[in-house]
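# Dropping the sequence and predicted coords here.
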Amino acid sequence: MNRLSCSVRVALLAAIAAIAAAAPGCGTSEDAGPRDAAVDPPFTPVTDAGACGVTTAHLPPASAKHLEQGTPLTFASNPPCGGDHWSFWTTWGAHATAVPRGNWIHNLEHGGVAFLYRCASRAACPDLAAKVEAVALSLPQEARCAPPIRNRIVVTADPDLPEGVEVAAASWGYNLVARCLDEAALRDFYRARVGRAPEDTCAEGVEVSAPVDSGTDGESESGVGDAAIGG
């Protein structure tokens with residue numbers, strides 16, 4: 001992918017932001033929030049379960065404002081599972097470099113689930129990354145998504161996960177942390193939480209980090225890659 005000049009990239013991102021703001025699938029209302037709990041299945045918290053110490057929590061976001069890319073954010077939990085976030089959501093699937101939290105939280109708002117592992121990048125722990133990615137690939141094609149998008153999962157490194165947490169997951173208003181990879185727990189979390197968010201859409205996002213098959217180790221100079229929106 002050819003790099004765009006700074007001026008062209010800024011103009012392109014501005015145009016995409018305008019499209020995103022106008023799209024019916026992604027509102028910008030400051031009062032957007034979690035869906036009525038009545039539409040969700042009963043939730044029973046899990047605490048220190050199994051060999052990996054899986055723990056889940058329900059943490060309803062208090063706000064869901066769309067902010068400019070790079071705006072400092074404060075999170076109510078780690079990993080975050082909602083709240084104010086950036087205007088661009090990232091592409092679905094696995095990423096070679098860490099997706100900024102401000103972007104993948106927007107994916108959660110669209111009914112997505114983030115699978116996270118505590119590393120600086122995929123290259124820093126390729127074996128663990130591959131195992132987490134395999135869990136995502138083991139889940140079926142989602143009816144709401146059109147190929148090549150398989151399902152609403154973002155797999156990314158997250159070096160800011162708490163010490164002692166190797167793998168985590170997040171959806172809108174819910175999160176999971178574990179000391180090691182519990183494949184069944186990740187699958188169960190996805191099945192319970194996918195599509196349960198303020199906006200139920202599988203529209204493709206913006207490439208804000210290098211996808212796994214790109215052969216690229218670093219992010220673009222702006223922190224937002226050459227953009228492409230589909231769907």
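Sure thing, it's come through.

# The spatially closest residue to residue 158 that is not a sequence neighbour: what's it in contact with?
Setting aside the residues directly before and after it, residue 158 is nearest to residue 116 in space (Cβ to Cβ, 6 or more residues apart in numbering), at 4.2 Å. Just so you know, the C-beta spots here come from the backbone N, C-alpha and C atoms, and that holds for glycine as well. Contacts of residue 116 were listed using Cβ atoms under 8 Å, 6 or more residues apart in numbering, and they are 79, 155-158, 161, 167-170.

# now those residues in JSON lines, with pLDDT and distance to residue 41?
Formatted as JSON lines, the entries for those read as follows, by pLDDT from 0 to 100; distance: Cβ to Cβ, whole Å:
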{"residue": "79", "pLDDT": "98", "distance to residue 41": "21"}
{"residue": "155", "pLDDT": "98", "distance to residue 41": "24"}
{"residue": "156", "pLDDT": "98", "distance to residue 41": "26"}
{"residue": "157", "pLDDT": "98", "distance to residue 41": "30"}
{"residue": "158", "pLDDT": "98", "distance to residue 41": "26"}
{"residue": "161", "pLDDT": "98", "distance to residue 41": "26"}
{"residue": "167", "pLDDT": "99", "distance to residue 41": "23"}
{"residue": "168", "pLDDT": "99", "distance to residue 41": "21"}
{"residue": "169", "pLDDT": "99", "distance to residue 41": "16"}
{"residue": "170", "pLDDT": "99", "distance to residue 41": "17"}
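
# so which helix or strand takes in the residue nearest to the spatial centre of the chain?
For the chain, the residue whose C-alpha lies nearest the mean C-alpha position (Cα atoms, centre = their mean) is residue 104; its distance is 3.2 Å. Assigned by DSSP states H and E, residue 104 belongs to helix 101-109.
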